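Participant: Whatever this is, show me its structure:
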Amino acid sequence: MRPDDLDARLIQLLTDSPQLPVLECARRLGVARGTVTSRLARLHAEGVISAIVPQVDPAGFGYDLVAFCSVDINQHVGHEPVTEAILEAIPEVTDLYTVTGDHDLHLRVVARNGSDLQDVLDRISQVPGVARTSSSLALRTHEQGRTLPLLHAVARDGRQPGGPA
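Facilitator: Numbers count the residues shown, from 1 in each chain. Below you'll find the model as predicted:
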């Protein structure tokens, strides 16, 4: 599905003000309420948007430190049991990816301070199937979850996912 300009403006509006009612979205966009409702239903059904929920910032409740942890797993265990165990045991893991390259998994973790981070990393290394970890600290977050510029470019230029630019 290729989002158009109205889709992009609707998503931008709900990103900026996620609690806006459908009627107010319609008024601000200059379209009928039914248009907004059907667009949202289509965007959800096609997987363009997965939810409209508050964005939680761990720094807001004391988890100011962000680190990235690369994990090597014991290959005989496999990725799924390790990823499930990490996500089950360690709430400080905010993002987890299986990756290519020198490591098997890449995690974004949050902590309150250096000592807390050491505890988090120790718990990760103790998960069954984890062979080795390495980590690096984020000094400053410049941007996170940046998707709106891509959405607007697709809507404006008609780019198709996976197709030529």
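Participant: what helix or strand is the spatially most central residue of the chain on?
Facilitator: Geometric centre of the chain, nearest residue: Gly145, 5.7 Å, by CA atoms, centre = their mean. Per DSSP states H and E: Gly145 is located in neither a helix nor a strand.
Participant: what do you get for the one 10 residues further on?
Facilitator: Assigning secondary structure by DSSP H and E places Ala155 in helix 148-157.
Participant: which other helices and strands contact that helix?
Facilitator: Applying 3 or more CB pairs under 8 Å, 6 or more residues apart in numbering; DSSP states H and E, we find helix 148-157 packed against helix 5-16. All C-beta atoms are positioned from the backbone trio N, CA, C, and that covers glycine.
Participant: So what's the gap between the helix it packs on and the chain middle?
Facilitator: Computed by CA atoms, centre = their mean, to the nearest Å, the chain-centroid distance of helix 5-16 equals 18 Å.
Participant: Just the residues contacting the following helix or strand past that helix, thanks.
Facilitator: Using DSSP H and E, the next helix or strand after helix 5-16 towards the C-terminus is helix 22-29. If you take CB atoms under 8 Å, 6 or more residues apart in numbering as the criterion, helix 22-29 is touched by 6, 9-10, 13-14, 20, 32-33, 35-37, 40.
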